[in-house]
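Q: 3D, please:
(one chain, ligands or ions: 1)
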Amino acid sequence: MNDWVIAQDWNSYSAAEHALWDELFARQAAVLSSRAAPAFLEGLDVLRMSKPGIPDFTELSKRLEKATGWSVVAVPGLIPEEDFFDNLANRRFVAGRFIRKPEQIDYLKEPDVFHDVFGHVPLLVNPVFADYMQAYGRGGLRSMRYGSIHRLARLYWYTVEFGLIRDGSALKLYGSGIASSASESRFAIDSDSPNRLGFDLRRIMRTKYRIDDFQQNYFVIDSFEQLLRETLDTDFGPLYEELDTLPEIEPGVILPTDRVLNRGTQSRVADRP
Ligand SMILES: [Fe+2]
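A: Numbers count the residues shown, from 1 in each chain. Next comes the predicted model:
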């Protein structure tokens, strides 16, 4: 197995690249203060390095290792799924080292260091979420034997990337795809357009997702303990076989069996050109 790890080469970043990180960090911290899960906000402290700018992965990993035994390693971009899962199973989070261009400050397709580190690393400080990510990596390696990576990828998408969580009577965000985007942070929490549905592992693994726009459905967990427990307690082999006999579910659909927290207007979809 290839771990794809390359040097981050922290000294090669320009002053402008560090400044862009600082700008993104300040802006996003302000947007998240009322919208992100308390555990995410607590975890943000781990990113406050001794030097300003893009975190040095060596220093960051020392802090993370102390908290939960995870480390952050640089990779050249998207890597093969098996190697991605293997890194997670070994508590290594793989991150891109490049940062977006100033004109991409609001959106870029490929995950950069801001998405990967600001979006993902804060929750790796949380012991329960840290265990979930490792369990996910192990589950990913097993899913390859069943030809069901796409089902497990949906679980990642609707939790790690775009998950919401209850916080008392409020809903907060914890997914990195939301947390690293100012506009989707506002949309996911404030907008009346998307549906917000109770977390349902089997349902999620049948649900397609959008990669070209904000999500139409967000799934809400009660706690990270719920996420970890359901992932560990599920016997995925038989479940994959069963799910293969059931129809796929389109994004934005509400099923009679869904636990509906907010029924969205889906106005964003209607407005789409
Ligand atoms: Fe991500």
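
Q: all contacts plus neighbour counts: C-alpha atoms, from now on.
A: OK.

Q: quick one: low-confidence parts of this structure?
A: Filtered on pLDDT under 70, the chain yields the residue ranges 273.

Q: residue contacts, the most centrally placed residue in it?
A: In the chain, the C-alpha nearest the mean C-alpha coordinate belongs to E161, at 2.5 Å (CA atoms, centre = their mean). For E161, the contact set (CA atoms under 8 Å, 6 or more residues apart in numbering) comprises 174-178.

Q: Save these as CSV, and put in secondary structure, neighbour count and distance to D56 too.
A: Putting the contacts of E161 into CSV (DSSP: H, G, I helix; E, B strand; the rest coil; neighbours: other CA atoms under 10 Å; distance: CA to CA, whole Å) gives the following:
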residue, secondary structure, neighbour count, distance to D56
Y174, coil, 29, 23
G175, coil, 25, 23
S176, helix, 25, 20
G177, helix, 23, 22
I178, helix, 27, 23
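
Q: Most widely separated two among the residues you listed?
A: Spanning the widest gap among the contacts of E161 are Y174 and G177, at 8.8 Å by CA to CA.

Q: Can you pull the residues that touch both of those two?
A: With CA under 8 Å, 6+ apart as the test, Y174 and G177 both reach 161-162.

Q: The stretch 101-250 of the chain: helices as residue ranges?
A: 113, 120-124, 127-145, 149-156, 176-179, 182-190, 201-204, 224-233, 236-243 (DSSP state H, counting those that start in this stretch).

Q: And those: which comes nearest V72?
A: Using CA to CA, these put helix 120-124 closest to V72, at 8.1 Å.

Q: could I have the closest one exported to PDB, CA atoms only?
A: Taking Å, rounded to 0.1, in the frame of the first residue of the first chain, the C-alpha atoms of helix 120-124 are listed here in PDB:
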ATOM      1  CA  HIS A 120     -11.500  18.700   9.100                       C
ATOM      2  CA  VAL A 121      -8.900  19.000  11.800                       C
ATOM      3  CA  PRO A 122     -10.900  20.700  14.600                       C
ATOM      4  CA  LEU A 123     -13.100  17.700  15.100                       C
ATOM      5  CA  LEU A 124     -10.200  15.300  15.100                       C
END
